[in-house]
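Peer 1: what follows is a predicted protein model with its sequence.
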Amino acid sequence: MTDLRQRHRAPLALVVLMLATLLSACSGAQATTATRTVPTPGPVSSADLAGVTLKVGDQKAGLQALLKASGQDKDLPYAVEWSTFTAGPPLLEAAASGAIDVGTVGNTPPIFAGAAKSPVSIVSASRGEGQGDAILVAKGSTATSLADLKGRTIAVTKGSSAHGHLLLALRKAGLQPSDVKISYVSPSDGYAALKNGAADAWAVWDPYTAAAEKEIGARILVSGVGIVNGLGFQVASNRSLADAGKNAAIADLVTRSARAYQWSASHPDEWARVYSSETGLSLDVTTVQAHRSIKRPITLDPEAIRSSQDLTDALASGGFIPASFDVSTIVDHRYDAAVAAVIGKA
């Protein structure tokens, strides 16, 4: 895990009114569920906010690069400490332990965290089409469908969005998880396994999908289109949500993130260039990712919760989590009004 320190200070008088208005909209909401209530604290002063260090979990070429590319990292009225994770599951573990306050993950990791009763909540969402979510086969593979992989090894990161995609794709194809050999690996090990033949297929997401296509000639056997819900989530530690200063900083970060997602959707080539610069991935790879895996901010609407519930039920029926549960119990709507204002649904 790599920690980076980033401090940007805004003219406080310019941000305190904005944040006070934002928190006023949020203060009437709280995550009331069948199992817990996370209190929503009130606004904080600009001086108190200036003393906050928000610990943000990220993944490869994730939110940090996106905020930089879109200009949304400028004039932050609090400090940010970034930590990079290989995938969503370890990021969720860090949030649960208090090592980070907030982070961005795919659609599946919060379900595993919820099943484990981790003290973490979903606080915002984005949606894509799932084109970059893929089950890949190696160059030269003769497989034309998932049925051709019966008895074969499929590499995937346990608890990741790709894990959910694999399960749903198998179900759609009329197969059981037991019909294939699932090998749990990190994304980097999955790449190597597909390249050297240790795995017959690899379930993964962009930019890893694009990198494998461009660098080793991998082919998409099954994309996530029509299978996955395309959701990405920002998740936060319940302890941080109950802290006035952290809550104010998260509210601001959620708003900036929504603006950044909107920017990337309308500026894919600019996003690809920054993405390449920040990660060292080739421009060919990042251009594919930027045009294919477009994410747009959404509120935590009933459809997002319903589709997440469907995935939860599928994971439970497949024995990947102990039992299904009500997904709404891990969703906190306090920032919905702020996101709605950004996307014009206020």
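Peer 2: In hand now; what should we look at? Numbering: from 1, shown residues only.

Peer 1: how near is the closest residue to I294 other than its chain neighbours to R292?
Peer 2: With sequence-adjacent residues excluded and distances taken as Cβ to Cβ, 6 or more residues apart in numbering, I294 is closest to A265, at 4.9 Å. For glycine as for every other residue, the C-beta is placed from the backbone atoms N, C-alpha and C. The spacing between A265 and R292, counted by Cβ to Cβ, to the nearest Å, is 12 Å.

Peer 1: same check, this time on A138
Peer 2: Distance of A138 to R292, given as Cβ to Cβ: 20 Å.

Peer 1: please apply the same query to A314.
Peer 2: From A314 to R292 the distance is 25 Å (Cβ to Cβ).

Peer 1: follow-up on the earlier one: the more surrounded of A265 and R292?
Peer 2: Neighbour comparison, A265 and R292: the larger count goes to R292, with 19 against 16 (by other Cβ atoms under 10 Å).

Peer 1: by contact count, what packs against the helix or strand in which V123 is found?
Peer 2: Element membership for V123, per DSSP states H and E: strand 120-127. For strand 120-127, the elements it packs on are helix 88-97, helix 109-115, strand 231-237, helix 238-241, helix 244-266, strand 296-298, judged by 3 or more Cβ pairs under 8 Å, 6 or more residues apart in numbering; DSSP states H and E.

Peer 1: out of these, which is the most enclosed?
Peer 2: By mean neighbour count, with neighbours taken as mean count of other Cβ atoms under 10 Å, strand 231-237 ranks first of those at a mean of 27.

Peer 1: packing partners of it?
Peer 2: helix 88-97, strand 102-106, helix 109-115, strand 120-127, helix 244-266, helix 302-317.

Peer 1: ok, the residue nearest to I294 - contacts?
Peer 2: By Cβ atoms under 8 Å, 6 or more residues apart in numbering, A265 lies in contact with 294-296.

Peer 1: same question, A272
Peer 2: 283, 286-287, 289-291.

Peer 1: okay, it: pLDDT?
Peer 2: With respect to pLDDT, A272 scores 95.

Peer 1: same deal with R127?
Peer 2: Note on R127: pLDDT of 96.
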